[in-house]
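Participant: no sequence on this one, just coordinates:
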Ligand code: GTP
Ligand code: MG
């Protein structure tokens with residue numbers, strides 16, 4: 001009821017927004033605050049992965065007859081779900097009920113003959129649909145309604161924030177508008193599945209799993225797609241088959257270290273994606289980074305992808321963040337707003353460098369919520385005490401054990417509002433003793449810094465590492481100054497909030513404005529009218545939609 005009333009009071013945005021709200025309410029694990037996910041991370045991953053294996057991607061002509069298209073495909077078996085989107089042309093994602101339907105469709109598909117050019121006959125699950133006798137069909141063709149895969153326009157976000165009923169409503173609105181939709185999540189898993197098909201040509205039985213913000217529940221529409229080539233499944237399979245007095249081992253090539261093995265594997269997969277991978281472009285092999293990776297653009301889905309291997313701890317970090325995001329409905333709303341705030345003030349960037357990353361910001365929010373009284377989030381050590389034998393997880397000698405069943409964790413008794421929490425977040429970190437203390441979500445309290453980096457956030461699993469080692473003193477100072485200024489703006493606002501009809505930015509919208517500190521040097525220049533400034537600012541948030549991660553940073 002409430003969103004409907006709010007949308008109806010905002011001119012010009014009604015129909016599209018209602019459609020969007022309907023769509024996102026269908027999401028099980030990325031839904032809004034009243035649909036708190038209770039599924040285990042591994043359950044979600046397995047379900048989505050299996051769903052993706054029954055799914056195909058089809059590049060279509062711009063206009064088609066949807067009914068006939070579905071009828072044509074359902075010759076291969078019943079269809080469970082489908083949607084269309086735009087990325088270098090119209091694409092359809094079609095999920096069959098059974099995996100066999102995909103093989104059946106592949107069997108009637110031909111490799112194109114391209115005149116003087118030659119095609120590499122790679123038979124993937126990414127197809128191209130052509131119309132036969134297109135002249136006869138013209139009258140039946142119509143434009144297709146596309147599912148949106150990008151974050152809202154600055155204008156729309158501005159309208160929505162200004163029309164909100166309260167600061168809490170603003171934070172929830174921002175979350176609802178930026179969070180990954182069910183369809184976007186499907187497309188992410190499908191993309192991993194398509195890459196898995198390529199990798200499986202070399203490593204049968206491997207898995208390519210998404211991690212990072214695509215699955216940890218903190219991803220914004222447009223964020224990069226981090227994927228991890230999991231070769232452990234192959235090992236597990238053989239271990240199960242071992243019995244009796246004999247032990248069989250594969251003959252393998254040996255290389256000097258795990259790192260060299262990772263580099264060799266990624267080098268080959270990178271080459272393969274470059275040469276044969278349909279829809280893959282701009283493949284870069286960044287093999288000398290601390291965490292070697294292959295970066296490429298999957299043009300068919302529109303995702304910027306980072307493929308790594310031997311990166312199990314990062315997957316476990318994603319699971320931990322997913323747990324924290326699911327434990328209390330305020331967590332995600334707060335993290336999204338802090339990330340947008342940081343992006344709006346250029347505290348984060350798409351280019352790797354001395355800036356704070358989204359991953360670090362998320363850790364800061366989690367830590368802050370552990371410090372509330374009563375705490376909103378439990379410490380990692382507490383989650384470890386709730387773990388049972390099945391939860392036990394040791395990766396490369398690091399104890400990564402914590403309870404994985406969300407239903408075994410008691411909800412917090414804390415009832416603070418999002419408005420209060422956001423204000424206190426800025427006050428807390430505006431006054432944090434960064435020079436001597438480290439942020440530690442394992443224990444949920446400040447620790448003495450073990451080394452002299454300006455910002456020290458302990459890696460929750462590899463506890464001797466600092467996830468924000470890259471952050472310079474000046475970037476940290478900028479964060480502190482902006483946090484103080486935002487706390488001050490909040491404080492002022494509480495005294496005299498503009499009337500709803502004045503069209504003045506307020507609450508979260510005011511916090512996203514360029515800061516006073518940044519404007520001092522510009523004050524001699526003619527100031528732009530507020531609405532234009534807001535528009536520019538919101539444009540900058542939007543551009544973070546295509547935000548590329550700082551993936552090579554400090555991992
Ligand atoms: P965005 O891509 O910015 O939306 O967030 P993200 O969480 O996906 O960050 P990013 O793509 O940079 O990294 C992907 C994942 O790698 C993170 O979620 C973490 O699990 C892990 N990661 C990133 N940076 C670090 C780091 O400095 N240390 C460790 N241990 N893990 C990291
Ligand atoms: Mg990422």
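Facilitator: Structure received. This one's a predicted model, so the numbers in the text were calculated from it and none came from an experiment. Numbering: from 1, shown residues only. Ligands and ions are numbered 1, 2, ... in the order given.
Participant: residues of the lengthiest helix in the chain that come out buried?
Facilitator: In the chain, assigned by DSSP state H, the helix with the most residues is helix 473-495. Neighbour counts over helix 473-495 (16 or more other Cβ atoms under 10 Å) mark 475-476, 478-487, 489-490, 493 as buried. Yep, even glycine has a C-beta here, placed from its N, CA and C like the rest.
Participant: for the stretch 101-250 of the chain, give the residue positioned nearest to ligand 1.
Facilitator: For the stretch 101-250 of the chain, the residue closest to ligand 1 is residue 212, as judged by Cβ to the nearest ligand atom, at 2.8 Å.
Participant: who are the contact partners of that residue?
Facilitator: Residue 212 sits next to 219, 224, 226, 314, 318, 359, 549 when contact means Cβ atoms under 8 Å, 6 or more residues apart in numbering.
Participant: out of the residues you listed, who's nearest residue 113?
Facilitator: Using Cβ to Cβ, the shortest approach to residue 113 within the contacts of residue 212 belongs to residue 224, at 35.9 Å.
Participant: follow-up on the earlier one: taking the contacts of residue 212 one by one, which sit in helices?
Facilitator: Of the positions in those, 314, 318, 359 sit in helices, assigned by DSSP H.
Participant: burial measure for the closest residue to the first one other than its chain neighbours, as a count.
Facilitator: In space, and not counting its chain neighbours, residue 314 is closest to residue 211: 5.4 Å by Cβ to Cβ, 6 or more residues apart in numbering. As a burial measure, residue 211 scores 26 neighbours (other Cβ atoms under 10 Å).
Participant: tell me the spacing between the closest residue to residue 448 other than its chain neighbours and residue 381.
Facilitator: Nearest non-adjacent residue to residue 448, counting by Cβ to Cβ, 6+ apart: residue 436, 6.4 Å away. Noted for residue 436: a distance of 22 Å to residue 381, by Cβ to Cβ, to the nearest Å.
Participant: neighbour count: these two, which is higher?
Facilitator: residue 381 (13 against 10).
Participant: helix or strand: which one has residue 412?
Facilitator: Per DSSP states H and E: residue 412 is located in neither a helix nor a strand.
Participant: just to revisit the earlier point, separation between the residue of the stretch 101-250 of the chain closest to ligand 1 and residue 117?
Facilitator: 37 Å.
Participant: would you say residue 83 is within a strand?
Facilitator: Yes: per DSSP: H, G, I helix; E, B strand; the rest coil, residue 83 lies within a strand segment.
Participant: just the buried ones from the contacts of residue 212?
Facilitator: In terms of neighbour count (16+ other Cβ under 10 Å), the buried residues within the contacts of residue 212 are 219, 224, 226, 314, 318, 359, 549.
Participant: now residue 300: closest residue in space that isn't a chain neighbour?
Facilitator: In space, and not counting its chain neighbours, residue 300 is closest to residue 279: 3.2 Å by Cβ to Cβ, 6+ apart.
Participant: check contacts around the one you found.
Facilitator: Contact partners of residue 279, counting by Cβ under 8 Å, 6+ apart, are 57, 126, 194, 298-301.
Participant: using ChimeraX, define a selection of the buried residues within these.
Facilitator: Applying 16+ other Cβ under 10 Å to these, the buried members can be selected in ChimeraX as follows:
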select :57,126,194,298,300,301
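Participant: so which bits of this protein are right by ligand 2?
Facilitator: 212-213, 224, 226, 549 (Cβ under 5 Å from the ion).
Participant: buried stuff in stretch 450-457?
Facilitator: Neighbour-count burial for stretch 450-457, counted by 16+ other Cβ under 10 Å, picks out 453-457.
Participant: likewise stretch 378-386?
Facilitator: With burial defined by 16+ other Cβ under 10 Å, the residues of stretch 378-386 counted as buried are 378-380, 382-384, 386.
Participant: mind checking which of these are in helices?
Facilitator: Those of the buried residues of stretch 378-386 mapping onto helices are 380, 382-384, per DSSP H.
Participant: against ligand 2, how distant is the residue with the largest distance to the centre of the chain?
Facilitator: Farthest-out residue of the chain from its mean C-alpha position, per Cα atoms, centre = their mean: residue 245, at 47.3 Å. According to Cβ to the ion, to the nearest Å, residue 245 and ligand 2 sit 48 Å apart.
Participant: and for residue 343?
Facilitator: Relative to ligand 2, residue 343 is positioned 14 Å away (Cβ to the ion).
Participant: pretty sure that residue belongs to a helix, no?
Facilitator: Yes: assignment of residue 343 by three-state DSSP places it within a helix.
Participant: neighbours of it, how many?
Facilitator: Using other Cβ under 10 Å, residue 343 has 23 neighbouring residues.
Participant: if we can go back for a sec, let me know the closest of the ones in helices among the buried residues of stretch 378-386 to ligand 1.
Facilitator: Lowest distance from ligand 1 to those (Cβ to the nearest ligand atom) belongs to residue 380, with 13.6 Å.
Participant: show me what contacts that closest one?
Facilitator: 320, 402, 441-444, 460.
Participant: most widely separated two among the residues you listed?
Facilitator: The most widely separated members of the contacts of residue 380, counting by Cβ to Cβ, are 320 and 443 (14.5 Å).
Participant: between these two, who's got more neighbours?
Facilitator: A direct count of neighbours by other Cβ under 10 Å for residue 320 and residue 443 places residue 320 higher, at 20 against 14.
Participant: thought the more buried one was touching residue 401?
Facilitator: No: at 10.9 Å, residue 320 and residue 401 do not qualify as touching, with contact defined as Cβ atoms under 8 Å.
Participant: re the thing from before, report the two of the contacts of residue 212 separated the most.
Facilitator: 219 and 314 (14.4 Å).
Participant: distance to ligand 1 and secondary structure for the buried residues of stretch 450-457 - can I get that in TSV?
Facilitator: Formatted as TSV, these follow (distance: Cβ to the nearest ligand atom, whole Å; DSSP: H, G, I helix; E, B strand; the rest coil):
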residue	distance to ligand 1	secondary structure
453	12	coil
454	15	coil
455	12	coil
456	12	coil
457	9	strand
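Participant: format those residues as CSV; extra columns: pLDDT and distance to residue 414.
Facilitator: Listed next are the buried residues of stretch 450-457 as CSV, based on pLDDT from 0 to 100; distance: Cβ to Cβ, whole Å:
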residue, pLDDT, distance to residue 414
453, 95, 31
454, 97, 31
455, 97, 26
456, 97, 26
457, 97, 23
